[in-house]
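# need coordinates for the below:
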Amino acid sequence: FASDFRSPRSAALGGAGHASPLLNDSVYQNPSFASFLPVYSWSANWRELGGNQGRAYNVSVLDGYTELFQAGASYLVRDGLTALHLGAARKLHDRLAIGIGGKVFFVKNRPNAGGIKDMNLSVSANPFKWLRLSLLADNLLSPDNSKTLGLERELILGTKFILSEHIAFYIDPHAQLKKNLELASKTIFAYEVGSEIALFRDFYYRLGAFNRVNHPDIQKKARGFGTGVGWVAPRISFDFAFERILEPQDQLSSNFGATLYF
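Next comes the predicted model:
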């Protein structure tokens, strides 16, 4: 799935935000966007999965200052699973960047599924002040044992529409890819959508929804919605979100995260 872990911000946006992920979220959602994040940042997230599935913990680091390329790494721990994600990006132009990501999953109690490896490629563009675009081809390797995690080869178009300095909308359609990288039209209508409103200069309210996208909590295609808030200070940000899966099962989750950046 295009987001193997949902941070509080991405959960509140219904999984959307690939065209403009916040700081360390780029490691999961779109590695190429790290080139537009000239900061050093460290992040820690805690997620209550709901449905008696336990908890998930995530720590990550992002280096957006290095001139040669910008990179990030993230480590995830949840019941029955640990994962390492890596991402690297480089600008081709002031408004264009490319990226590559790698991931390794270690599954407990599934000896045939341990050490699952996959990768993604991405590109980000900022053509206008009011528009952000990204294209992510995820899980390109798709080894046979990745099916145990519900992973599939996907193409995700990320869009962000900036209506004003206070309001932004995200629309991220998904399409399943076949082994030869052709589109599989039966999943063309999967999507994640979200909105972000600055209630005050440093306080944000977010609301989003998703449909027919693979959800990392249950590792199945799901429909649901999320909401949450975020507070951004000069060197630290805090985010909180609730997320509810409606189908294929009713499940409520919550998560909290903090990020330091310099």
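# contacts only, for the residue lying closest to Leu140 once chain neighbours are set aside.
Computed as CB to CB, 6 or more residues apart in numbering, the closest residue to Leu140 that is not its neighbour in sequence is Met119, at 5.5 Å. From N, CA and C alone the C-beta is placed, and that goes for glycine too. Applying CB atoms under 8 Å, 6 or more residues apart in numbering to Met119 gives the contacts 100-103, 139-141.
# tell me the one of these nearest Tyr205?
Gly101 (29.5 Å; CB to CB).
# what comes up buried for the helix or strand hosting the closest one?
In this assignment (DSSP states H and E), Gly101 forms part of strand 96-107. For strand 96-107, the buried set under the neighbour-count rule, 16 or more other CB atoms under 10 Å, comprises 96-103, 105, 107.
# ok, now stretch 243-262?
Applying 16+ other CB under 10 Å to stretch 243-262 flags 243, 245, 251, 253-257, 259, 261 as buried.
# quick one: average confidence on that stretch?
Regarding stretch 243-262, the rounded mean pLDDT is 94.
# how distant is it from the center of its chain?
12 Å (CA atoms, centre = their mean, to the nearest Å).
# now do the same end-to-end measure for it.
End-to-end distance of stretch 243-262 (CA to CA, to the nearest Å): 30 Å.
# number the residues from 20 up from this point.
Noted, 20 is the first residue going forward, which turns the last one into stretch 262-281.
# end to end on stretch 144-152, go ahead and measure it.
End residues of stretch 144-152 are separated by 5 Å (CA to CA).
# run through who's touching it.
Contacts of stretch 144-152 (CB under 8 Å, 6+ apart): 38-39, 55, 114-116, 143, 153, 176-182.
# what confidence value was assigned to the closest residue to His104 other than its chain neighbours?
Of all residues not flanking His104 in the chain, Ser93 sits nearest, at 4.4 Å (CB to CB, 6+ apart). Ser93 is assigned a pLDDT of 95 by the prediction.
# now do the one 10 residues further on
The predicted structure scores Leu103 at 94 on the pLDDT scale.
# tell me, how many residues neighbour it?
Neighbour count for Leu103, taken as other CB atoms under 10 Å: 14.
# cool, Phe147 as well?
Residues near Phe147, counting by other CB under 10 Å: 11.
# pLDDT value on it, please?
96.
# who does it form a beta bridge with?
On the basis of DSSP bridges, Phe147 is bridged to Leu150.
# rewinding a little: and the residue nearest to Leu159, that one's in a strand?
Yes: Met138: assigned to a strand according to DSSP: H, G, I helix; E, B strand; the rest coil.
# what about it, distance to Asp98?
Met138 sits 25 Å away from Asp98, taking CB to CB, to the nearest Å as the criterion.
# so what's the spatially most central residue of the chain closest to, chain neighbours aside?
Here the mean C-alpha position of the chain is nearest to the C-alpha of Gln48 (CA atoms, centre = their mean), at a distance of 3.2 Å. In space, and not counting its chain neighbours, Gln48 is closest to Pro40: 4.2 Å by CB to CB, 6+ apart.
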